[in-house]
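# coordinates only, sequence not included:
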């Protein structure tokens, strides 16, 4: 088996297993079992589970960039694109039985005090995400659809934080009520 294939299988299995079970509840053996490779091969590709965690955050962030493409490049008005984007994200909850949540949010509550490297990767991913949302809010402000009373960056960070909280609450309640409330309040009260 080629080295790159083993590394790729470990990364794919790591993302899946860590997202499903959490970082601290997942051992290297769980990841190598899921990847169907010997445990020793893990350390040929990653110096530690933390190093894999950083790669997982980066890979998850790269997938999120693809998911944001319609948000940033769509032809609809900015608020329509933003609403559609969050609606699409909200569909991920029911698809997993409201069990997984967002990997960034999960890691963000679990790891910042124990892994500076993962914390730094999370900060970058969250900053990139908020910047994309801010870009669309700024477009809506320029179009006169959103008040300029508050900077787009502040609104974007608030929305991202509120959405992550709604995701956490939906996991607790095993239902969409918090996500539905996020959409309703965001697009009927906050961004009006």
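That came in fine, so what should we check first? Keep in mind that what you see is a predicted model, and the values were worked out from it rather than measured.

# Show me the helices in the chain, by range?
3-21, 28-35, 39-45, 49-67, 69-73, 78-90, 92-95, 103-110, 116-142, 152-173, 177-185 (DSSP state H).

# Quick one: list the elements packing against the third one.
Read that as helix 39-45. Identification of packing neighbours for helix 39-45 by 3 or more CB pairs under 8 Å, 6 or more residues apart in numbering; DSSP states H and E yields helix 3-21, helix 28-35. For the C-beta atoms, the positions are set from N, CA and C on the backbone; glycine is no exception.

# Give me the domain ranges for the chain.
Segmentation of the chain into domains, based on automatic domain parsing, reads 1-46, 59-190.

# could I get these as a markdown table with distance to residue 53?
A markdown table is the format used below for the domains of the chain (distance: least, CB to CB, whole Å):
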| stretch | distance to residue 53 |
| --- | --- |
| domain 1-46 | 6 |
| domain 59-190 | 5 |
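
# returning to what we had before: kindly reformat the helices of the chain as a markdown table containing distance to residue 192 and mean neighbour count.
Formatted as a markdown table, these follow (distance: least, CB to CB, whole Å; neighbours: other CB atoms under 10 Å):
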| stretch | distance to residue 192 | mean neighbour count |
| --- | --- | --- |
| helix 3-21 | 35 | 18 |
| helix 28-35 | 46 | 18 |
| helix 39-45 | 50 | 15 |
| helix 49-67 | 26 | 17 |
| helix 69-73 | 19 | 13 |
| helix 78-90 | 9 | 18 |
| helix 92-95 | 25 | 14 |
| helix 103-110 | 26 | 19 |
| helix 116-142 | 11 | 18 |
| helix 152-173 | 12 | 18 |
| helix 177-185 | 10 | 16 |
